[in-house]
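> Turn this into a structure:
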Amino acid sequence: MTVNNVNVKNESIIAGNNLKVLHTSDWHIGKYLYQYDRSAEYAALKENVIKLLSDERPDLFLLSGDIFDCSNPSVDSEKFLGRVINELHAEFPEMHVVITAGNHDSSRKVDSIGIYTSFCDHLRIIGELPVVYDPELHSCSVDFEKIVYPVVDKDILKGIVVAFPYIPVSRLCTITMPDSVDRMNYEQCMRYVHCQALEYLKGYVKEKFNTDAENVPVICTGHCFVSSSEIRKAEEEKSMDYIGGQQAVGSGIYSGFDYAALGHIHLRQKVSHNIWYSGSPFPINFGEIDYANGVNMVTFSKKQSVSDKLSTEPVRRESFEVTVTERVFDRAVKLVRYPADAEKEGISEKEFDDVIRQLQCLPEVKPEIRPFYSFSICFDPDDTRFSSIGAFREFADSTLNELQNVIRLCDMKIMVSKRGKDDSSHFNRDIHSLKDILDPLDLVTRLYRESCGDEKADLPDDMKKVLEELVEEVKTEQQNTGN
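Have a look, this model is predicted:
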């Protein structure tokens, strides 16, 4: 029979006891940081991955979604992915590669890449969850044959990958399910599909490899939000139960799998048992500065005894010892944020002056490796050498512009200091130009106080919350588009 484009004899395949996997996700190829290209970081990522693969020699490479940063990636982005795949295949011809789409990807685009590479040995690329329609039964089911990937090395079945991509609600709606499943409940539908995968595996492994599924490690990929996962400030603008445009699922949908290799959340973390997000391999934005970005190296070794059989019920399998090692990559380009503490309102005018003096002492570096900088500065009308916030803004702009051969300025936000805010003195200052209107909250508060004739009135909480959400949405959109 043919397994992953390689002819093997059914009777010659045996179940192996050990498997090593590199788990990564959320590369967001083509990502810009504001208006800046990040080619140097992607080149370094490829080098880091190749070196790690050379050192560790894993059996399997998994990329769990958000391959690209957008649904219509540039030609250069597609070429980069092609170079990565070609180099992996050339340098590690025996290593298996499984790549699945995420919510940022166009599933059809990813599937088209998969078709072009379908002749390659040891490679599977999944864009959209494949389904098959039965005209006689008028039913639609997941085509598990296309997403179940056996990891076979020299007639040894080392593991099985159930390569689930990102599954939107619209795709789940096409699948026929029993009446006991609430079709309006995303988690119930996801649980049903994953249980069906486990059911399929029992027959598939027995028929194809003449062994039982519990004798080999079973890995499930996914690109979704598990409700018990940790969210940091960088992603907290997304709802806790509807992150990235999709509903949350419970960790129980991965019961029965030895390891869940997830993407979507950029903070590397163990959710529960052997459910892991590998996180983004380098910071996608300034909110991820504090992340220990990298990849997971996962090893599976057979236990002495097997206590649980593979089942469609949510039963925890304990057939294999799973060891996860977090590998952290050095950053090719630094991201620097002032203030370093994201919880702090901003640096003072004096602190800004100190930073400028330090930057003026730095040597010039190549454009592609100049560090990215973000500033949040508090302007105190009662403690400044400038006549207005606009004058300070002009000074800051010109000063940082002179440092373009040293840094890449991504963002500079200047806000009126909250110190002494109760006397509302800064709201009574004249606004000489649009540059003076730098904090939408301050502007709306000024207008609100004028409308109600009370210089100390505060915005209602609901109005303030809506405005903060709008401002955050606009800032996120500007960052994603590079504008």
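
> Model confidence for Leu441, exactly?
In this model, Leu441 is scored at 77, pLDDT.

> Outline the domain layout of the chain.
Following automatic domain parsing, one finds the domains of the chain at 2-328, 335-438.

> Which one of those domains has the poorest average confidence?
domain 335-438 (a mean of 84).

> now that domain, how far from the chain's geometric center?
Averaging C-alpha positions (Cα atoms, centre = their mean, to the nearest Å) puts domain 335-438 30 Å from its chain's average.

> rewinding a little: so which of the domains of the chain is nearest Leu447?
domain 335-438 (9.8 Å; Cβ to Cβ). Every C-beta, even on glycine, is put in place using the N, C-alpha and C of the backbone.

> Helices along this protein, start to end?
39-56, 75-91, 107-116, 144-147, 169-172, 186-209, 349-359, 389-401, 440-452, 461-481 (DSSP state H).

> Return the most buried member of those helices.
helix 186-209 (a mean of 19; mean count of other Cβ atoms under 10 Å).

> so where do the strands sit in the stretch 201-350 of the chain?
Applying DSSP state E, counting those that start in this stretch to the stretch 201-350 of the chain gives strands spanning 218-223, 225-226, 248-249, 259-263, 269-272, 275-277, 294-302, 320-328, 335-338.

> one step back: reformat the helices of the chain into CSV and put distance to Phe375 next to each item.
Compiled in CSV, those are given as follows (distance: least, Cβ to Cβ, whole Å):
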stretch, distance to Phe375
helix 39-56, 21
helix 75-91, 29
helix 107-116, 37
helix 144-147, 46
helix 169-172, 40
helix 186-209, 40
helix 349-359, 7
helix 389-401, 8
helix 440-452, 18
helix 461-481, 14
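
> Tell me which of the domains of the chain is the most buried.
By mean count of other Cβ under 10 Å, the domains of the chain have domain 2-328 as the most buried, with a mean of 18.

> quick one, what contacts the closest residue to Pro339 other than its chain neighbours?
Distances taken as Cβ to Cβ, 6 or more residues apart in numbering place Ile347 nearest to Pro339, at 5.1 Å, with adjacent residues excluded. Taking Cβ atoms under 8 Å, 6 or more residues apart in numbering as the criterion, Ile347 is in contact with 338-339, 355, 375-378.

> Among the helices of the chain, which comes closest to Asp382?
helix 349-359 (11.3 Å).

> Just the CA trace of that closest one, in CSV.
In CSV, the C-alpha atoms belonging to helix 349-359 read as follows (Å, rounded to 0.1, in the frame of the first residue of the first chain):
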residue,chain,number,x,y,z
GLU,A,349,9.0,64.5,29.9
LYS,A,350,12.2,64.2,31.9
GLU,A,351,12.3,60.4,31.3
PHE,A,352,11.8,61.0,27.6
ASP,A,353,14.8,63.3,27.6
ASP,A,354,16.9,60.7,29.3
VAL,A,355,15.9,58.1,26.7
ILE,A,356,16.8,60.5,23.8
ARG,A,357,20.3,61.1,25.3
GLN,A,358,20.9,57.3,25.5
LEU,A,359,19.7,56.8,21.9
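
> Do me a favour and get the backbone dihedrals for the spatially closest residue to Val110 that is not a sequence neighbour.
In space, and not counting its chain neighbours, Val110 is closest to Gly127: 3.3 Å by Cβ to Cβ, 6+ apart. When read as degrees, to the nearest 10, the backbone of Gly127 gives phi -100, psi -80.

> what about Gly127, distance to Cys410?
Separation of Gly127 from Cys410 (Cβ to Cβ, to the nearest Å): 32 Å.

> excluding its backbone neighbours, what's nearest Cys120?
His89 (6.2 Å).

> Quick one: residues contacting that neighbour.
Applying Cβ under 8 Å, 6+ apart, we find His89 in contact with 97, 120-123.

> quick revisit: output the domains of the chain as TSV; include the columns distance to Lys464.
Formatted as TSV, those follow (distance: least, Cβ to Cβ, whole Å):
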stretch	distance to Lys464
domain 2-328	15
domain 335-438	14
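
> These: which one's closest to Asp461?
When the domains of the chain are compared (using Cβ to Cβ), the closest one is domain 335-438, at 16.7 Å.

> follow-up on the earlier one: just put the strands of the stretch 201-350 of the chain in JSON lines and tack on distance to Leu359.
Shown next, in JSON lines, are the strands of the stretch 201-350 of the chain (distance: least, Cβ to Cβ, whole Å):
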{"stretch": "strand 218-223", "distance to Leu359": "39"}
{"stretch": "strand 225-226", "distance to Leu359": "39"}
{"stretch": "strand 248-249", "distance to Leu359": "43"}
{"stretch": "strand 259-263", "distance to Leu359": "36"}
{"stretch": "strand 269-272", "distance to Leu359": "34"}
{"stretch": "strand 275-277", "distance to Leu359": "35"}
{"stretch": "strand 294-302", "distance to Leu359": "29"}
{"stretch": "strand 320-328", "distance to Leu359": "27"}
{"stretch": "strand 335-338", "distance to Leu359": "10"}
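
> Go through these and name the closest to Val169.
strand 248-249 (12.0 Å).

> Might one say that Val148 is in contact with Val162?
Yes: if you go by Cβ atoms under 8 Å, Val148 and Val162 touch, sitting 5.8 Å apart.

> overlap in contacts of the two?
Residues touching both Val148 and Val162 by Cβ under 8 Å, 6+ apart: 197, 201.

> any idea how far Ala292 is from Ala213?
For Ala213, the distance to Ala292 - Cβ to Cβ - is 34 Å.

> so what's the closest residue to Ser251 other than its chain neighbours bridging to?
Distances taken as Cβ to Cβ, 6+ apart put Ser272 closest to Ser251, at 4.8 Å, once the chain neighbours are dropped. Per DSSP bridges, the residues bridged to Ser272 are Ile275.

> circling back to that earlier point, any idea how far Tyr32 is from the residue nearest to Pro339?
Ile347 is 26 Å from Tyr32, by Cβ to Cβ.

> Ok, Phe80 next?
For Phe80, the distance to Tyr32 - Cβ to Cβ - is 14 Å.

> do the same with Ser417
For Ser417, the distance to Tyr32 (Cβ to Cβ) stands at 32 Å.
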